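1. task: produce atomic coordinates for the following.
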Amino acid sequence: MLVEQIMNKDVITLRPDETIRAAIQIMRQCDIRHLPIVNNEERVVGIVTERDLKAATPLLIEGDKAQEQLELPVSSIMITDVITGHPLDFVEEVALIFYDHKIGCLPIVRNGKLVGIITGTDLLHTLVELTGANQPGSQIEIKVENRKGVLYEVTGVFNKLNVNVHSVLVYPDPMSERHKILVFRVATMNTTKLVLALKNERLNVLWPSMPGTNQ
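-> Here you go, the predicted model:
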């Protein structure tokens with residue numbers, strides 16, 4: 001999946017010379033936590049987050065001094081070393097950027113100009129959709145040998161029982177380099193027949209663990 005498929009294209013922005021007060025008002029009105037700061041050419045020159053605003057306007061400041069602080073330009077508090085993405089980046093690559101840099105949003109730029117934005121919430125929503133967790137069904141976890149053709153063999157069991165697969169994830173077995181863990185999201189609530197069929201094929205079903213069956 002590409003970034004352009006999930007990014008928010010209607011991006012709310014501010015200019016560097018607009019005030020901290022304006023940034024606070026916009027965040028409250030629009031219920032957002034990140035504001036890209038762009039110049040007259042729509043190029044990203046900074047970003048302001050809800051955390052930045054809270055740090056710039058501590059509760060201990062009162063009276064005229066507080067008002068002066070609110071009238072400062074956002075350029076005085078914005079982050080200028082902004083990490084950006086491209087619409088044709090893969091969502092998986094962007095998720096890694098979020099993880100490595102511990103950021104909450106990623107402005108998306110094409111030809112140097114802002115065209116969208118992705119937040120951590122957008123990524124979580126996409127993950128839910130990709131894994132099929134938002135659809136009725138069940139989860140099956142199977143430990144298999146790390147070899148060619150094993151996924152085809154496992155899905156053959158699903159096919160025989162006419163069980164639809166919403167999604168499949170593959171991750172390393174933390175206990176063995178020779179094995180992988182397959183996580184299926186299937187469109188059935190009762191997995192008894194499916195688990196038995198998998199075990200009959202000598203597959204190691206980790207979940208669901210059913211009493212009375214061979215492990």
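2. the residue nearest the centre of the chain in helix, strand or coil?
-> In the chain, the residue lying closest to the centroid (C-alpha atoms, centre = their mean) is residue 123, at 2.1 Å. Under DSSP: H, G, I helix; E, B strand; the rest coil, the three-state class of residue 123 is helix.
3. for it, what are its contacts?
-> Contact partners of residue 123, counting by C-beta atoms under 8 Å, 6 or more residues apart in numbering, are 91, 94-95, 98. From N, CA and C alone the C-beta is placed, and that goes for glycine too.
4. neighbour-wise, which of the residues you listed leads?
-> residue 94 (23 neighbours; other C-beta atoms under 10 Å).
5. can you pull the pLDDT of that residue?
-> pLDDT recorded at residue 94 is 95.
6. just checking, what packs against the helix or strand where it lies?
-> Following DSSP states H and E, one finds residue 94 within helix 91-101. Helices and strands touching helix 91-101, by 3 or more C-beta pairs under 8 Å, 6 or more residues apart in numbering; DSSP states H and E, are strand 105-110, helix 120-131.
7. off-centre distance for the first one?
-> Relative to its chain's centre, strand 105-110 lies at 14 Å (C-alpha atoms, centre = their mean, to the nearest Å).
8. tell me the angle that strand makes with helix 120-131.
-> Angle, strand 105-110 to helix 120-131, by axes from the mean of the first three to the mean of the last three C-alpha atoms, to 10 degrees: 80 degrees.
9. about what we covered before: hmm, who's touching the helix holding residue 94?
-> Contacts of helix 91-101 (C-beta under 8 Å, 6+ apart): 1-3, 5-6, 83, 85, 103-104, 106, 118, 120, 123, 126-127.
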